[in-house]
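Peer 1: no sequence for this one, just the structure:
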């Protein structure tokens, strides 16, 4: 009989953190012992019933899970094809899926006896979620954020400060997520004894891609049960946006072995794939950065290029290594949506459903908009509404040339 | 005998440590950088650590980040780095050159092809900051076929259980990162360095070089009393930034004086 574990697409990574050629642990020796200790601590925690019970309790009573799976009937009717369901991660405490992972990792950091938490942030959603978790647990918090992002995500910066976090501006490079991650790694190397690095996406050195995925899988696990309850069967397709790819991985992973479910990951095509964009899978190639081997945007000499997206959360030249692996084995179809398409979808969802989506999530809607009309009315599509868009209204107003927001 | 082994053997016979000088290839311009490189042996550098510039120098402080940036803006590429070594070798067949940098440019160049081209250019060793022993085989194997040493880093966080993991794959010398932090920031005490070097020597017969935070002739001398080599990087790079090769060489001469008189 075939070994069900070996035949599963859910069994990665291998013992050394690789998904095929992707993933791994490409870090300086100073950090290596720490990475190994995080791996060991996580391995113990995930098998400890008291850890999983505490996490489950926080997710229910603090985060507000399960998040609804909502049938968007007006949007479905407008597109005139697939029956659209929205996984409402925007309704979580702090307004995005990021908090799921932060709850898990903050419990791990406490368990490891760490006193200080650092994190990188792009759109500020992960920074806010981390600052929130630190306030809840009484831990020191330092958030690294690129200068460009600080400017375009001002409300989130202030939220982090209100929550007691120090926001450290990063001026290197283009002042976006990549540079924030470099600076967080530099800080960690200098504060190895007391500091825990709470990575916000399914990237970085092993065990982070697997650990963050595990903490985000609550999205897909709930979706599965909720769809079963509402429709009595599995969904036919899943659509989620991808920067590093944690909301997508959380939704996708529990469905990877269900061959009837079509899965679409939507990268940020920025101004267009032939211009400035942040679509690492569409426009990049395998390389090594930030502790893992994965698809990256780079020039022919292996120098990393800056991504561009109107959405700060997708503005990263890399992607989680498991996504690279799922691209190469063909299980997930990776597509992209431009700034303009995302803004268009942003407006549509806001007016038709009364839900302001994050610009990140709007990329998922932009692709759903292309796909849904081509499908039959009994096709069940789940779009991951990974976060709320309040943080983005100034960006949208600026793009539309409208005033009234500062 | 490799150039690295020969150099360490010669210096051991003289009872002194090596001065390892770091400069980033192509910084501040390709021409000036070549002039700086060519003059380093005469100024007193025993081993040269030549930086391969990278956009995302995660283990480096501001000085070396800026050096990388200047070099890339000047048009430096990985092939250009090898070209500089080739030019240097026309005038110096003895001074070992170790390339230091991050993995991605080498990975994209192709480890097999890189190992061949680097050996041909006259490279003696490689330090790849983000390639720990767990991931190093894909580069280490082609390099060792080409006769190039792979120099591993050890850090204060590398405990006695882990040291053998790192050192079994090491060749050339061992680079001890004397602080937990990035380049060019804080400095370790002489006592901490002495203890660390003694600890590493219990696990390997390879020479031990100490770097990170060594900024002055006095600090270089303190390291040279205990280790087989003292590495000076950021402090040199700050002089390089001023664009005057003579100024860099004068500073290296002061460092060399410190290292050469350390055990007298």
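Peer 2: Cool, got the structure. It should be emphasised that the depicted structure is a prediction, and the values quoted were computed from it without experimental measurement. Numbers count the residues shown, from 1 in each chain, chains lettered A, B, ... in the order given.
Peer 1: let me see the ranges of the strands in the stretch 101-250 of chain B.
Peer 2: Ranges of strands within the stretch 101-250 of chain B are B:125-128, B:149-150, B:153-154, B:174-177, B:208-211, B:229-232, based on DSSP state E, counting those that start in this stretch.
Peer 1: which residues touch the last one?
Peer 2: Outside of strand B:229-232, the residues within contact range by C-beta atoms under 8 Å, 6 or more residues apart in numbering or on different chains are B:8, B:17-22, B:46-47, B:49, B:173, B:175, B:207-212, B:214-215, B:219-220, B:223-224, B:255, B:259. Using the backbone N, CA and C atoms, a C-beta is placed for each residue, glycine as well.
Peer 1: that strand: which residues count as buried?
Peer 2: Buried residues in strand B:229-232, counting neighbours by 16 or more other C-beta atoms under 10 Å in any protein chain shown, are found at B:229-232.
Peer 1: gap between the closest residue to chain B within the stretch 101-250 of chain A and residue B:192?
Peer 2: Chain B sits closest to residue A:190 of the stretch 101-250 of chain A, with a gap of 3.9 Å, by C-beta to the nearest C-beta. Look at residue A:190 and residue B:192: by C-beta to C-beta, to the nearest Å, they are 16 Å apart.
Peer 1: quick one: which two of the buried residues of strand B:229-232 are the most distant?
Peer 2: Across the buried residues of strand B:229-232, no pair lies farther apart than B:229 and B:232, at 10.3 Å, counting by C-beta to C-beta.
Peer 1: now the strands of the stretch 101-250 of chain B as CSV including mean pLDDT and distance to residue A:317?
Peer 2: Converted to CSV, the strands of the stretch 101-250 of chain B look like this (pLDDT from 0 to 100; distance: least, C-beta to C-beta, whole Å):
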stretch, mean pLDDT, distance to residue A:317
strand B:125-128, 98, 20
strand B:149-150, 98, 28
strand B:153-154, 96, 26
strand B:174-177, 97, 27
strand B:208-211, 97, 30
strand B:229-232, 98, 31
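Peer 1: circling back: can you say which of the contacts of strand B:229-232 are buried?
Peer 2: By neighbour count, with 16+ other C-beta under 10 Å, those hold B:8, B:17-22, B:46-47, B:49, B:173, B:175, B:207-212, B:214-215, B:219-220, B:223-224, B:255, B:259 as buried.
Peer 1: from those, which land in helices?
Peer 2: B:8, B:219-220, B:223-224, B:255, B:259 (DSSP state H).
Peer 1: for those, which one is nearest residue B:151?
Peer 2: For those, the nearest to residue B:151 is residue B:8 (12.2 Å; C-beta to C-beta).
Peer 1: can you point out the buried residues in the helix or strand hosting residue A:70?
Peer 2: Using DSSP states H and E, residue A:70 falls within strand A:69-71. Neighbour counts over strand A:69-71 (16+ other C-beta under 10 Å) mark A:69-70 as buried.
Peer 1: show me what that strand packs onto, helices and strands only.
Peer 2: Packing partners of strand A:69-71 (3 or more C-beta pairs under 8 Å, 6 or more residues apart in numbering or on different chains; DSSP states H and E): strand A:83-88, helix A:218-231.
Peer 1: deepest-packed of those, please.
Peer 2: Scoring the helices and strands packed on strand A:69-71 by mean neighbour count under mean count of other C-beta atoms under 10 Å in any protein chain shown gives strand A:83-88 as the most buried, with a mean of 25.
Peer 1: before we move on, back to that, any idea how far residue B:54 is from the residue of the stretch 101-250 of chain A closest to chain B?
Peer 2: Residue A:190 is 20 Å from residue B:54, by C-beta to C-beta.
Peer 1: so what's residue 76 up against?
Peer 2: I'll assume chain A. A:82-84, A:372.
Peer 1: right idea, wrong chain: chain B
Peer 2: Residue B:76 touches B:25-27, B:30, B:33, B:53, counting by C-beta under 8 Å, 6+ apart.
Peer 1: now do the contacts for residue A:235.
Peer 2: Counted by C-beta under 8 Å, 6+ apart, residue A:235 has contacts A:85, A:223, A:227, A:255, A:261, A:380-382.
Peer 1: nearest to residue B:98 among those?
Peer 2: residue A:255 (49.0 Å).
Peer 1: still on that earlier bit, what is the most widely separated pair among the ones in helices among the buried ones among the contacts of strand B:229-232?
Peer 2: Maximum distance among these (C-beta to C-beta): 21.1 Å, for B:8 and B:219.
Peer 1: buried stuff in stretch A:179-199?
Peer 2: A:179-189, A:191-192, A:195-199.
Peer 1: and for stretch A:124-135?
Peer 2: In stretch A:124-135, counting by 16+ other C-beta under 10 Å, buried: A:124-134.
Peer 1: contacts for that stretch?
Peer 2: For stretch A:124-135, the surrounding residues in contact (C-beta under 8 Å, 6+ apart) are A:93-96, A:98-99, A:101-103, A:105-106, A:117, A:119-121, A:139-141, A:143, A:145, A:149, A:153, A:155-157, A:159-160, A:163-165, A:167, A:198, A:200-201, A:312-313, A:358, A:387, A:391.
Peer 1: which of those residues count as buried?
Peer 2: A:93-96, A:98-99, A:101-103, A:105-106, A:117, A:119-121, A:139, A:141, A:143, A:145, A:149, A:153, A:156-157, A:159-160, A:163, A:165, A:167, A:198, A:200-201, A:312-313, A:358, A:387, A:391.
Peer 1: quick one on the thing from earlier: reformat the buried residues of stretch A:124-135 as TSV; add pLDDT, distance to residue A:348 and secondary structure.
Peer 2: Shown next, in TSV, are those (pLDDT from 0 to 100; distance: C-beta to C-beta, whole Å; DSSP: H, G, I helix; E, B strand; the rest coil):
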residue	pLDDT	distance to residue A:348	secondary structure
A:124	91	24	coil
A:125	92	22	helix
A:126	96	26	helix
A:127	97	28	helix
A:128	97	26	helix
A:129	98	27	helix
A:130	98	31	helix
A:131	98	32	helix
A:132	98	30	helix
A:133	98	33	helix
A:134	98	36	helix
